[in-house]
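Peer 1: Let's see this in three dimensions:
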Amino acid sequence: MIIDCHAHLYYDEILKDIDNVLERAVNAGIEKIIVPSVDLKTAEQILFLADKYSMIYAAVGFHPCDIAGFNPEDVRLLENFIKHPKVLAIGEIGLDYFWDTSYIDKQKAFFKEQIDFAKSINLPVIIHTRNSVKDAIEIIKGNNENLSGQFHCFSGDENDLKNILAFENFYISFCGNITFKKFSENKIIELTPVEKLLSETDSPFLSPEPFRGKTNEPSRVIYTLNKIAEIKKCNYEEMIKIIYENNTKLFF
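Peer 2: You can find the predicted model right below:
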């Protein structure tokens, strides 16, 4: 069985076809899907889906691109959601220097506040690091005691990977972009131990080949996993069993 530990199922292009999306996921061997929020509204949407569908679980948090109207102390508003039995993590949180670098200090403050919140309730964190992985690693270095989590959609270099692997309870995951013809970071995947890998799609984004440019969905995680097995020259069935165990250890 497979867990898609990062899929944004509340986007309209997926939500309008959610029953078929989930049926295709089951047919592809997906057992569970974790849906991370980006703000309070999406947290509410996710919990509605989690109540309706047994295979859907939730993470709640403030995405760095969605904090403009909030203050770091508003992180406490997440307390309204964490009592739900299907909330498994705080996320998607982190740093994003791709879209807007005008409020980096606020991003860092939010990130640190959410890390502290996650530690206080003993939940893992799901970390976004677009063009910002080195700063995110430095923040985790200062806060990683009694903390676990996932560096989602990893795009760092070998030194970044080395630093993350030094964190005892952290994992990384790759998305469908590793299947693209111009992807040139196979070495990073080769160096990542299977015991530190998770499985994700980041639906509806980064759909793998042969679906590039189309709406991504959880069933397509198998294309990314197959590519990882190919790059690492390892047995696919053995690999997905270990990755399933990794997901279970971190989130369930």
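
Peer 1: Please tell me how far residue 47 sits from residue 37.
Peer 2: Per CB to CB, to the nearest Å, residue 47 is found 9 Å from residue 37. Placement of C-beta: from N, CA and C, glycine included.

Peer 1: joint contacts of the two?
Peer 2: residue 58 (CB atoms under 8 Å, 6 or more residues apart in numbering).

Peer 1: who's more crowded, those two?
Peer 2: residue 37 (29 against 20; other CB atoms under 10 Å).

Peer 1: For the closest residue to the more buried one other than its chain neighbours, what is the enclosing helix or strand?
Peer 2: The shortest distance from residue 37 to any residue other than its chain neighbours is 4.0 Å, reached at residue 43 (CB to CB, 6 or more residues apart in numbering). Using DSSP states H and E, residue 43 maps to helix 40-52.

Peer 1: just residue 150 next, same as before
Peer 2: Assigned by DSSP H and E, residue 150 falls within strand 149-151.

Peer 1: what's that strand in contact with?
Peer 2: So strand 149-151 is contacted by 5-6, 89, 91, 118, 124-127, 129, 133, 136, 140, 164, 169-173, 198, 250 (CB under 8 Å, 6+ apart).

Peer 1: Mind checking which of those are in helices?
Peer 2: The members of the contacts of strand 149-151 that map onto helices under DSSP state H are 118, 133, 136, 140, 164, 250.

Peer 1: of those, closest to residue 77?
Peer 2: Taking CB to CB as the measure, residue 77 lies nearest residue 118 of those, at 14.5 Å.

Peer 1: The spatially closest residue to that closest one that is not a sequence neighbour: neighbour count?
Peer 2: Distances taken as CB to CB, 6+ apart place residue 90 nearest to residue 118, at 4.1 Å, with adjacent residues excluded. Per other CB under 10 Å, the neighbour tally for residue 90 reads 28.

Peer 1: Residue 90: what's it in contact with?
Peer 2: Residues in contact with residue 90 (CB under 8 Å, 6+ apart) are 59-61, 78, 114, 117-118, 121, 123-126.

Peer 1: how about these in TSV, adding neighbour count, pLDDT and distance to residue 237?
Peer 2: What follows is those, written out as TSV (neighbours: other CB atoms under 10 Å; pLDDT from 0 to 100; distance: CB to CB, whole Å):
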residue	neighbour count	pLDDT	distance to residue 237
59	27	98	28
60	31	98	33
61	32	97	33
78	21	95	38
114	24	97	36
117	19	97	38
118	26	97	33
121	12	97	36
123	23	98	31
124	21	98	26
125	27	98	30
126	29	98	26
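
Peer 1: what about stretch 87-104, average pLDDT?
Peer 2: Mean pLDDT, stretch 87-104: 93.

Peer 1: What of stretch 183-202?
Peer 2: Mean predicted confidence for stretch 183-202 is 97.

Peer 1: Just give me how far it sits from the chain centre.
Peer 2: 13 Å (CA atoms, centre = their mean, to the nearest Å).

Peer 1: Quick one: the strands in the protein, in order.
Peer 2: Using DSSP state E, the strands found in the chain span residues 2-4, 30-36, 56-60, 87-96, 125-130, 149-151, 170-174, 197-199.

Peer 1: May I see the buried residues of stretch 24-33?
Peer 2: Neighbour-count burial for stretch 24-33, counted by 16 or more other CB atoms under 10 Å, picks out 25, 28, 30, 32-33.

Peer 1: Right, I'll leave it there.
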